[in-house]
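Participant: sequence plus the predicted model coming up.
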Amino acid sequence: MGSIYHSIAESIEMEEEMGQYTPSTWAVTAFIFSIIIIAISFFTKRLLGFLRKDLNGSFSSNKKVTVIFILGGPGSGKSTQSENIVKHFGYTHLSAGDLLRDEVASGSKNGTLIQKIMKEGKLVPSEITVRLLHRAMEESKSDKFLIDGFPRDEENRTTFENIMGIAPAFVLFLDCSEVVMKKRLLSRDQGREDDNINTIMKRFKVFKECTLPVIEYYSSIGKVHEIDAGKPAEDVFNDIKRVFSLHGVKAT
Ligand SMILES: Nc1ncnc2c1ncn2[C@@H]1O[C@H](COP(=O)(O)OP(=O)(O)O)[C@@H](O)[C@H]1O
Ligand SMILES: O=c1ccn([C@@H]2O[C@H](COP(=O)(O)OP(=O)(O)O)[C@@H](O)[C@H]2O)c(=O)[nH]1
């Protein structure tokens with residue numbers, strides 16, 4: 001490449017000196033520079049493709065999957081209702097929080113970082129969560145997924161949609177007051193490190209600041225079904241069943 005530059009420069013110099021810097025010289029120069037730019041863009045694309053594959057792998061099965069997101073504040077009843085949905089409609093439940101807790105328990109290299117972030121009620125980097133979801137979806141034989149507690153911020157959402165190339169069929173939003181959620185979390189009694197009043201308040205703040213905008217986004221494109229989650233669990237599920245039937249999903 002260096003010698004091409006060199007000879008072009010030399011020929012331009014010579015022709016300039018001789019007063020013969022002709023349109024054909026410009027055409028050759030432009031042609032060679034276009035080749036260089038095409039080559040650079042080709043290799044950049046290859047590199048980006050490689051990095052992307054390295055990050056998540058491709059969704060190799062190419063199977064067509066249906067995804068539903070279930071969102072709501074901490075303690076709004078996402079796990080409780082997910083269990084009902086699985087039993088009734090046969091969806092495969094993927095809880096982002098459970099996948100992260102499993103990752104911590106497995107002693108993986110990211111485990112300590114994930115544990116620290118969760119204990120502070122903050123959000124784990126999107127790449128980590130999306131990679132775990134991706135792996136779980138690849139490993140599953142199912143083609144219908146109920147993803148619980150994700151995406152929790154706009155970056156989670158765009159990372160998932162860009163890398164997986166999947167948008168949700170619809171989004172369930174379990175709407176519940178903080179007073180009720182706080183009461184439920186403090187009596188959840190699952191030994192979770194983040195179910196203490198200090199972390200709970202931080203999780204509420206993250207929900208309001210980061211997750212509500214995601215719900216607003218999906219709402220703006222007509223994908224959100226808001227459910228009053230302050231009611232008894234059975235009543236909440238009856239409302240959820242109505243949403244599924246609206247989408248033509250039948251009980252299994
Ligand atoms: N509708 C409800 N009414 C009363 N308690 C509920 C209701 N839904 C869930 N719970 C209880 O509240 C706690 C938090 O519910 P959970 O499903 O774990 O919430 P999330 O997954 O949104 O954090 C659990 O102990 C659960 O049994
Ligand atoms: O996509 C996710 C889901 C969960 N979390 C972390 O996991 C914690 C627990 O989330 P989970 O959905 O299990 O419980 P919830 O807070 O809704 O009760 C959150 O506070 C976050 O720290 C995260 O970072 N990204």
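Facilitator: Perfect, thanks for sending it. Numbering: from 1, shown residues only. Ligands and ions are numbered 1, 2, ... in the order given.
Participant: quick check: closest non-adjacent residue to the spatially most central residue of the chain.
Facilitator: The residue lying closest to the centre of the chain (C-alpha atoms, centre = their mean) is Phe160, at 2.7 Å. Once flanking residues are discounted, Phe160 sits nearest to Val130: 5.3 Å by C-beta to C-beta, 6 or more residues apart in numbering. The way it works is simple: take the backbone N, C-alpha and C, and place the C-beta from them, glycine included.
Participant: got it, and Leu123?
Facilitator: Arg152 (5.5 Å).
Participant: got it, and Ala251?
Facilitator: His88 (5.3 Å).
Participant: list phi and psi for the one you found.
Facilitator: phi -80, psi -40 (degrees, to the nearest 10).
Participant: what sits against it?
Facilitator: Phe237, Lys241, Phe244, Ala251, Thr252 (C-beta atoms under 8 Å, 6 or more residues apart in numbering).
Participant: gap between Lys78 and Cys176?
Facilitator: 10 Å (C-beta to C-beta, to the nearest Å).
Participant: more neighbours: the two, which one.
Facilitator: Lys78 (24 against 21; other C-beta atoms under 10 Å).
Participant: okay, helices next: where are they in the stretch 101-250 of the chain?
Facilitator: In the stretch 101-250 of the chain, the helices defined using DSSP state H, counting those that start in this stretch lie at 111-119, 126-139, 154-164, 178-186, 197-206, 212-220, 233-246.
Participant: in JSON lines, list those along with distance to Leu172 and mean pLDDT.
Facilitator: Listed next are the helices of the stretch 101-250 of the chain as JSON lines, based on distance: least, C-beta to C-beta, whole Å; pLDDT from 0 to 100:
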{"stretch": "helix 111-119", "distance to Leu172": "23", "mean pLDDT": "98"}
{"stretch": "helix 126-139", "distance to Leu172": "17", "mean pLDDT": "97"}
{"stretch": "helix 154-164", "distance to Leu172": "15", "mean pLDDT": "96"}
{"stretch": "helix 178-186", "distance to Leu172": "16", "mean pLDDT": "98"}
{"stretch": "helix 197-206", "distance to Leu172": "19", "mean pLDDT": "98"}
{"stretch": "helix 212-220", "distance to Leu172": "10", "mean pLDDT": "98"}
{"stretch": "helix 233-246", "distance to Leu172": "6", "mean pLDDT": "98"}
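Participant: in TSV: the ones you listed, plus distance to Ala96.
Facilitator: Output for the helices of the stretch 101-250 of the chain, formatted as TSV (distance: least, C-beta to C-beta, whole Å):
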stretch	distance to Ala96
helix 111-119	11
helix 126-139	6
helix 154-164	8
helix 178-186	17
helix 197-206	13
helix 212-220	13
helix 233-246	19
